[in-house]
Structures are given as structure tokens and as C-alpha cells.
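**Student:** Sequence first, predicted coordinates after that:
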Amino acid sequence: MNVLIITAHPEGDSFNSYLAARAARAFENQGSVVNSVNLYSENFEPVEGKIFYPDRQDSVRFDALRKQLHHWEKLILPDDVTRHIQLLINSDLLLLHFPFW
């Protein structure tokens, strides 16, 4: 089984990170392939915006869903987004570890 573990916490030694590491070891011990992504350590930009879409047909109105689809079809998404999408596609199981503040 392919497992994708995504963490999103500003502290590398947080309880969320601990739980994610424990889960990764448990799945690996069962023979699974584990990919781990820490969005904070990657400096992932979670806020959607015009800056991610250089090929915009409408420069006045920003329609995020249309821009996402257009750029997905043209294969011109940001590299980190493309990588994350590929990890999701290749995964059988997704675990999310993040704080509820």
C-alpha cells in the first residue's frame, strides 16, 4: 500500500509531527511505501491567488476554479502543486496531521 502523510505544523518537534512519524514507522513495518510531506518545511504557500497562474485569460476577474482547471489542462501548475497532486494520485491512503487551533 502507498501511504501519503501530510503534516502542517510550524514546529518540527510538535505532537503532530510525532504522530506522523509514528504512523510512518507503523506503516513501513507493515510493508507499505510511505511518502511524507511537511508543508511548513517546504514553505508551501496555502493561500490561493493570481500569482500562481501566469496564463490568465481574464486579467480583471480571478476565478480560482477556472484558472486551476485551465492550468491543469495545460500542465503549467507550480512545481510543488504538481508534485503534491502526483503523490495524491499514487496514494492508497492519505493521513493528515495538523493542529486545530
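**Tutor:** Received it, and whenever you're ready, just let me know what you need. Numbers count the residues shown, from 1 in each chain.

**Student:** Leu94 should be in a helix, yeah?
**Tutor:** No: with DSSP: H, G, I helix; E, B strand; the rest coil as the criterion, Leu94 is located in strand rather than a helix.

**Student:** wait, what's in contact with it?
**Tutor:** 3-4, 6, 88 (CB atoms under 8 Å, 6 or more residues apart in numbering). Yep, even glycine has a C-beta here, placed from its N, CA and C like the rest.

**Student:** Just the closest of those residues to Pro99, please.
**Tutor:** For the contacts of Leu94, the minimum distance to Pro99 (CB to CB) is 13.2 Å, reached by Ile6.

**Student:** sorry, back to before: please pick the buried ones from the contacts of Leu94.
**Tutor:** Buried by 16 or more other CB atoms under 10 Å: 3-4, 6, out of these.

**Student:** still on that earlier bit, taking the contacts of Leu94 one by one, which sit in strands?
**Tutor:** If you go by DSSP state E, the contacts of Leu94 have 3-4, 6 in strands.

**Student:** can I get the buried ones among the contacts of Leu94 in JSON lines with distance to Ser41 and pLDDT?
**Tutor:** Shown next, in JSON lines, are the buried ones among the contacts of Leu94 (distance: CB to CB, whole Å; pLDDT from 0 to 100):
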{"residue": "Val3", "distance to Ser41": "19", "pLDDT": "98"}
{"residue": "Leu4", "distance to Ser41": "16", "pLDDT": "98"}
{"residue": "Ile6", "distance to Ser41": "12", "pLDDT": "96"}
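
**Student:** check which helix or strand covers the residue most central in space within the chain.
**Tutor:** The chain has His84 as the residue nearest its centroid, 4.6 Å off, counting by CA atoms, centre = their mean. His84 is part of helix 79-89 when elements are defined by DSSP states H and E.
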